Every structure is written in structure tokens, then in C-alpha cells.
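> Have a look; sequence and predicted model below, questions after that.
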2 protein chains.
Amino acid sequence: MNKIITIGREFGSGGREFGRKLAELLGLPYYDREIISEIAKRTSLSEKYIQNIAEHKPVIPFPIHTGRTFWAVVPDYGQSVQSEQHNIIREAASKSDCVIVGRGADYILRELNPFRIFVYSSIESKMKRCRENQSNDYEQGSGAMNDKELAKKIEQINKSRADYYEFYTGQKWGDKANYDLCINTSFIEPGKIAEAVKFLII
Amino acid sequence: MNKIITIGREFGSGGREFGRKLAELLGLPYYDREIISEIAKRTSLSEKYIQNIAEHKPVIPFPIHTGRTFWAVVPDYGQSVQSEQHNIIREAASKSDCVIVGRGADYILRELNPFRIFVYSSIESKMKRCRENQSNDYEQGSGAMNDKELAKKIEQINKSRADYYEFYTGQKWGDKANYDLCINTSFIEPGKIAEAVKFLII
């Protein structure tokens, strides 16, 4: 089977853990934040800034009709970040089989027929995972939030991912029709699922 | 892991083939049309008649207000078939671990926390599978249909399954939130997927 594997994932569902484990089991390169670091190298923008715009759809400013729009005079870093992101994903897939997490890679690489996985879970499971895992900026903040605030934050991040995906692909994020396998990590450990998925791929 | 496995499936997606193979690999009893045969034994209704109503939501007749409605004076076989179906599914799951296909078993057995799988595929893949596999009444008729007629027929059957599921469960049929694993059989053989899923279950 084709071994270009793309993983869409709801924030808090353990998609990164699943993807990393699957890549390790298959002996394949794994691309997730590595893409952000590579964009930083190519654009001289900071990783933090890129992280903020790499999976957000662009904010289209209100067009002020004075001959030129405000839009036209602002440096369009968003577009160049997106463009670099697409290039890096295509380059990675052309070099070798690999696992790529997020960033609409399933759509960007559609002509290569990747194996498309989507990882999701219940809000309760996402909250639990966020509180247990403080490995990134979003999760680090979760300790200070009550349940309601944390649930809202998680939903906001996922809404932003959905908007980004839909803006760049014209497809509905998480719609099972766009994936080969959709995995609910509410009751099963992502690592255990990766071991089973390995048997489907090899 | 829990080995009560329920399989929702779009008509034409190979869900039955997948379920049978998975049951065989796990050495578990498999319930699909066996449920229809058992209802026939218990109710003395014909299997063909039961097949027609077992996965259809009831048609509520127009209430004629003459004191009693038409509904009230017609023998309600639909309800007794549903009731027997629920009993048989519960009895099967209480006897031993098993694989149960269709019939809202994921919802009926929700208190036992079954492992809930949904099998789906593209319309093109469903049509191909229908033309290749003539093992039931619906599929047998497909030889005489053109592509447009066959696609319409498949969509009608799946609409009926969705209506049935939603009527009895209050949940959306095929909504990934209600399943642990959603499997797209458009590009992978159901038997191959069953082998991988086995590793997730054992």
C-alpha cells in the first residue's frame, strides 16, 4: 500500500502521539512541527509567529476603496507562509514515504493518493488529555483554566483548524468521506491504535 | 478489550464481508441475517416480510379522528418485530462476545460499551461492489439497472437505514462521534481491514 500517510486531527485527540508512533513503527520520516521549523529557516520569520498563522485561514481586511486596499499595502506574510508550507509538504512527499500531520496535507498531496487518517475524540477525552499533557503552548495554559474555559478553548482551536482546512481545500474538515480511516481515541490509547494501523499499511 | 463488536454499514460498502471476516478471525459468533431467521421462528412471520420491516422505521398512518385511529386497529407487526429484534440482540450479547451487524446494535447495547465500527465507501465503490456481488435481493436486481438507477437505489436503501437508525436511537447514522472506528472501503479490501482491526481488538 501507498505509504504517504496524512493525519488530520482534532486538537486534544492525541493525533500527534498516534502519528509519531505510527511513523516510528513503519520506519518513516514524521513531519509535524518540523514543517514550522523549516518555514522559519526559509522565511526568517520566528517559529512562534509562523505557528500562529500556519494553520489559520487569512483574515481578509475590510477593503478601503482609496484606489488601493489596506490589504494591498500590508506585507503578506500569511500567503508566503502558506506557500512555503505547501512546498515543504510536497518536497517531503516527493523525497520518500512519510507521515505528515495536519496542514491539509491530505488535500495538498491528493494526486499521490495518500492514506488519509483523521483522529478525533469526545470533548471529555480531549480535556483529560490536555490536562495530562503540557507539551505545547495551548496545553501549558490549560492548568490555569476551569473545565468550562478549557472546553471553550479546545473548541476554538478546533474551529480554527476547521476554518483553515475548509478555506484551503473547499472540503469539510473531519467529514469521513474525505478520509480512509477515522479513529476515535476516547477509549483507546493512540499508541495501541498505531500498532493496528501498521498492519493495514504494510 | 471488550469483544462485543457492532458494525454499522452503508449498503454496498462491504460491511457484511468485513464483519464476517472479523468474526472468523476473532473466533466469535456473527449475527446479521441470523437475527431475521430467529425473529421468523419466534413470530411465525416470513423472513422476507421481516427483512422488509426489520430495518425500516415505522410508517405512521395518517390519523383518522373517528375516536380510534387507523393505526390503532391494524395488527402492529412492525412493533413486535422491533421488539423481538432488540431482545435477540440483547440475548446474543449476554451469551458471549460476538459481532453484530446493523440494526442499531451499537445503541441497543450501549450499556455494555461495545466496540462500535462504521463501514462506508464512495458511491462509485458501492456500485462496483453491487455489480460484482449478487448475494441478496437488492444486489440481484442491480444487473438490470443502468448506473443512474443503481446509484439511486443504493442511496434509497441507505436513506432508509439512516431513517431507521435515527428513529430508534435519536442519533445521526454514520456520524463519526457515535463510533470508535470509521472505515472507508473504497480503496482497501474489507478482508484486509478486518485483519488489522483484529489487532486492535485482541
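Received the coordinates, thanks. Treat the numbers as computed from the prediction; the structure is a model and nothing was measured.

> Which residue comes closest to A:E155 once chain neighbours are left out?
Closest residue to A:E155 apart from its sequence neighbours, by Cβ to Cβ, 6 or more residues apart in numbering or on different chains: A:I123 at 7.5 Å. Backbone N, C-alpha and C define where each C-beta goes, glycine included.

> Beyond the helix or strand of chain A with the lowest mean pLDDT, next helix or strand please.
Lowest by mean pLDDT, DSSP states H and E among the helices and strands of chain A is helix A:70-73, with a mean of 46. Beyond helix A:70-73 on the C-terminal side, the first helix or strand identified by DSSP states H and E is helix A:77-95.

> residues in contact with that next one?
The set of residues external to helix A:77-95 that reach it, using Cβ atoms under 8 Å, 6 or more residues apart in numbering or on different chains, is A:4, A:29, A:31, A:35, A:38-39, A:42-43, A:45, A:49-50, A:53-54, A:56, A:58, A:98, A:100, A:103, A:105, A:108-109, A:112, A:114, A:168.

> Just the buried residues from the residues you listed, in PyMOL please.
Entered in PyMOL, the line below selects the buried ones among the contacts of helix A:77-95, by 16 or more other Cβ atoms under 10 Å in any protein chain shown:
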select buried, chain A and resi 4+31+35+38+39+45+50+53+54+56+98+100+103+105+108+109+114+168
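
> which residues does the residue most central in space within chain A contact?
For chain A, the residue whose C-alpha lies nearest the mean C-alpha position (Cα atoms, centre = their mean) is A:G102; its distance is 2.4 Å. Counting by Cβ under 8 Å, 6+ apart, A:G102 makes contact with A:I7, A:G8, A:R9, A:G15, A:D32, A:E55, A:R161.

> As a markdown table, these with secondary structure would be great.
Formatted as a markdown table, the contacts of A:G102 follow (DSSP: H, G, I helix; E, B strand; the rest coil):
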| residue | secondary structure |
| --- | --- |
| A:I7 | strand |
| A:G8 | strand |
| A:R9 | strand |
| A:G15 | helix |
| A:D32 | coil |
| A:E55 | coil |
| A:R161 | helix |
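
> Pick out the lowest-pLDDT one from these.
For these, the minimum pLDDT belongs to A:E55; the value there is 71.

> do you know how far that one is from B:Y31?
44 Å (Cβ to Cβ, to the nearest Å).

> re earlier: got a PyMOL select line for the buried ones in the contacts of A:G102?
Once 16+ other Cβ under 10 Å is used to decide burial, the buried members of the contacts of A:G102 can be selected in PyMOL as follows:
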select buried, chain A and resi 7+8+9+15+32+55+161
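
> of the contacts of A:G102, closest to chain B?
Proximity to chain B was ranked across the contacts of A:G102 by Cβ to the nearest Cβ; first place goes to A:G8, at 11.7 Å.

> where does the closest residue to that closest one other than its chain neighbours fall, phi/psi-wise?
Among residues not flanking A:G8 along the chain, A:F118 sits closest, at 4.4 Å (Cβ to Cβ, 6+ apart). Taking degrees, to the nearest 10, you get phi -120, psi 130 for the backbone angles of A:F118.
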